[in-house]
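Asker: This is a predicted model, with the sequence first.
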Amino acid sequence: MLTTRPRGTADILPGQVEHWQYIEDMAVRVCREYGYREIRTPIFEHTELFVRGVGESTDIVEKEMYTFQDRGERSITLRPEGTASVVRAYLENKLYAGPQPVKAYYIGPMFRYDRPQAGRYRQFHQFGVEVFGAQQPAVDAEVMALAMDFYGRLGLNDLELHINSLGCPTCRIVVREKLQQFFKPVLGELCPNCQSRYARNPLRILDCKSTRCTELALEAPTTVDCLCPECRTHFEQVQQYMLDLGIPYVLDKQLVRGLDYYTHTAFEIMSPDIGAQSSVGGGGRYNGLIEACGGPPTPGIGFALGLERILLTLQKRGKLPNIQAGPVVFLVAVGDRAVRESFSLLARLRAAGVAADMDYQGRSLKAQMKYAGKLGVRYAVIIGEDELKRGSVMLRDMDAGGQREIPAGEVIGALKDN
RNA sequence: GUGGAUGUAGCUCAGCUGGUUAGAGUACCAGAUUGUGGCUCUGGGGGUCGUGGGUUCAAAUCCCAUCAUCCACCCCA
């Protein structure tokens, strides 16, 4: 136990962490260009926030939350998703009093007590954005465009974007009734799960992956069939904007998102080659959420993308860049005096902005060279008795294999550009 | 929460139906080359066989439990 990490968590080691930084840097860059600013909220919140924000009847709240009592008897929960926290911060800090809309993004760990499998972990990471205070369909399109742009810049140009509209609460009531009417005669044929969904949330039957349910759902009325005029117009305009932007998408009438708060536009991005957990991101509009959390009626929309799943996709497709993160220069010193000289040269190189390192194991020249090779440095600077006598150093190009002796005073200048 | 597969050296794995000091490749360290990495050769260190019980004269091998990993269901990122 002492030496094993908790189930469903991962250590991100040197060599892998560079890939995370690559993805995160890309997210930051894209967000900046789209006018989104970073927000950092606590990793834990009062349990109540998620119960209200995510929805009591969701799987997340019913069985996946990391909840505990703190020493002050408060019920605390490790955040299972990002939106609720951002909404809370928006309200608590009265950001609604400032210029609207507020466009924010976050990158960080989320926690769900699930059984781990390919692409699913108990601590996982999301990159998400939220827009509060804008109800225009162009915003829906912008948010989806941002997500697709982000994937595209990572080299994932062919991910499938599925979109749907769930309508407003009024439309919901209509679909609900129509669905119940539709499924009533075949209720017995549905999977046990969907039989209970029938009463509670018949929408979810559309989303069921059990083959019989899927077959039956093919002919079922869908949310888009039941949209009120305003919702219909909104959705049509969203699609028009997507067309204008040239972003391909699939109209997926079966798409129903699992979190209760979604209204209007809902979308999901799929990656076909990372196993059963193929969704690499999803989001949608949640016009009632902010009010439900005690704020003024405020439209909202956002998405969350799973960084582990993106990483898996990049890995599967060989799209991860080779990143040389180690030092560029390695100092090879032979003899006590050379070690002392090298140590101070090391400090001067670093001060000049050159990523440099040297041996601290008292290794032989040969072993130091070997180690330098393993580190993958571009240059080795060799200092021994001969060089000390001549006031020079041996500068070796580890890739080319050649080396030349230069005056000690010129080393920093020669390496500075690296 | 449910089901299946798997846990032997840092890593990838072998170890037949239970039988002496548990092996290979690779990685690591050193030497061959007393001032030079990547190739080759030689040598060396490193394993409570996931953990805990049980069966047996004898368990890495059989049984049970437990933990973990992987995959799938469920759900989602």
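Answerer: Received, thanks.
Asker: Stretch A:349-368: end-to-end distance?
Answerer: Start-to-end span of stretch A:349-368 (C-alpha to C-alpha, to the nearest Å) is 19 Å.
Asker: Just the residues contacting it, thanks.
Answerer: Residues from elsewhere that reach stretch A:349-368 (C-beta atoms under 8 Å, 6 or more residues apart in numbering): A:326-334, A:342-343, A:346, A:371, A:375, A:377, A:382, A:384, A:411-412, A:415-416, A:418. To be clear about C-beta, it is placed using only N, CA and C from the backbone, and glycine gets the same treatment.
Asker: Let me know whether that stretch sits next to RNA strand B.
Answerer: Yes: with C-beta under 7 Å from any atom of the strand as the measure, stretch A:349-368 is seen reaching RNA strand B through A:363, A:364, A:365, A:366, A:367.
Asker: how far is that stretch from where the chain is centred?
Answerer: Relative to its chain's centre, stretch A:349-368 lies at 36 Å (C-alpha atoms, centre = their mean, to the nearest Å).
Asker: Go through it and flag the buried ones.
Answerer: Neighbour-count burial for stretch A:349-368 flags A:349, A:354, A:355, A:356, A:357, A:358, A:359, A:368 (criterion: 16 or more other C-beta atoms under 10 Å).
Asker: could I get those as JSON lines with pLDDT and secondary structure?
Answerer: Supplementary listing: the buried residues of stretch A:349-368 in JSON lines, determined by pLDDT from 0 to 100; DSSP: H, G, I helix; E, B strand; the rest coil:
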{"residue": "A:349", "pLDDT": "96", "secondary structure": "helix"}
{"residue": "A:354", "pLDDT": "96", "secondary structure": "coil"}
{"residue": "A:355", "pLDDT": "95", "secondary structure": "coil"}
{"residue": "A:356", "pLDDT": "95", "secondary structure": "strand"}
{"residue": "A:357", "pLDDT": "95", "secondary structure": "strand"}
{"residue": "A:358", "pLDDT": "94", "secondary structure": "strand"}
{"residue": "A:359", "pLDDT": "92", "secondary structure": "coil"}
{"residue": "A:368", "pLDDT": "94", "secondary structure": "helix"}
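Asker: ok, of these, which one's closest to residue A:161?
Answerer: residue A:355 (40.2 Å; C-beta to C-beta).
Asker: returning to what we had before: tell me, which of the contacts of stretch A:349-368 make contact with RNA strand B?
Answerer: Checking the contacts of stretch A:349-368 against RNA strand B (C-beta under 7 Å from any atom of the strand), the matches are A:334, A:371, A:382, A:384.
Asker: Which residues are in contact with the last one?
Answerer: Spelled out, it's residue A:384. Applying C-beta under 8 Å, 6+ apart to residue A:384 gives the contacts A:333, A:334, A:335, A:338, A:365, A:394.
Asker: what sits against the first one?
Answerer: Shown here is residue A:333, whose contacts under the criterion C-beta under 8 Å, 6+ apart are A:339, A:341, A:342, A:343, A:358, A:359, A:368, A:383, A:384.
Asker: From residue A:349, how far out is the residue lying closest to it once chain neighbours are set aside?
Answerer: Spatially, and ignoring its direct neighbours in sequence, residue A:333 is nearest to residue A:342 (3.9 Å; C-beta to C-beta, 6 or more residues apart in numbering). Distance of residue A:342 to residue A:349, computed by C-beta to C-beta, to the nearest Å: 10 Å.
Asker: Between those two, which contacts overlap?
Answerer: residue A:331.
Asker: Identify the residues contacting stretch A:25-40?
Answerer: A:86, A:89, A:103-108, A:127, A:129, A:142, A:146, A:149-150, A:153-154.
Asker: Who wins on neighbours among those?
Answerer: In terms of neighbours by other C-beta atoms under 10 Å, the contacts of stretch A:25-40 top out with residue A:129 at 28 neighbours.
Asker: Output the helix or strand harbouring that one as CSV - backbone C-alpha positions only.
Answerer: If you go by DSSP states H and E, residue A:129 is part of strand A:123-132. Extracted in CSV, the C-alpha atoms of strand A:123-132 (Å, rounded to 0.1, in the frame of the first residue of the first chain):
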residue,chain,number,x,y,z
GLN,A,123,-8.5,11.1,-11.1
PHE,A,124,-8.6,12.4,-14.6
HIS,A,125,-8.1,15.7,-16.3
GLN,A,126,-10.3,18.0,-18.2
PHE,A,127,-9.8,21.1,-20.3
GLY,A,128,-13.1,23.0,-20.3
VAL,A,129,-14.6,26.3,-21.2
GLU,A,130,-17.7,28.1,-20.1
VAL,A,131,-19.5,31.2,-21.4
PHE,A,132,-22.0,32.9,-19.1
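Asker: Tell me where the stretch 301-418 of chain A has helices.
Answerer: Here the stretch 301-418 of chain A has its helices, by DSSP state H, counting those that start in this stretch, at A:307-316, A:336-351, A:365-375, A:385-390, A:411-415.
Asker: and those, which is most packed in?
Answerer: helix A:307-316 (a mean of 21; mean count of other C-beta atoms under 10 Å).
Asker: what about that helix, near RNA strand B?
Answerer: Yes: interface with RNA strand B: helix A:307-316 contributes A:308, A:309 (C-beta under 7 Å from any atom of the strand).
Asker: Now do that helix: which elements does it pack against?
Answerer: For helix A:307-316, the packing partners by 3 or more C-beta pairs under 8 Å, 6 or more residues apart in numbering; DSSP states H and E come out as helix A:17-34, strand A:123-132, strand A:279-285.
Asker: Quick one: mean pLDDT over the second one.
Answerer: What strand A:123-132 shows for mean pLDDT is 97.
Asker: ditto for the longest one
Answerer: Averaged across helix A:17-34, pLDDT comes to 96.
Asker: orientation of it relative to strand A:123-132 in degrees?
Answerer: Counting by axes from the mean of the first three to the mean of the last three C-alpha atoms, to 10 degrees, helix A:17-34 points 0 degrees away from the direction of strand A:123-132.
Asker: Report the distance from the very next helix or strand once past helix A:17-34 to the chain centre.
Answerer: Following helix A:17-34 in sequence order, the next helix or strand is strand A:37-38 (DSSP H and E). Put simply, strand A:37-38 sits 14 Å off its chain's centre (C-alpha atoms, centre = their mean).
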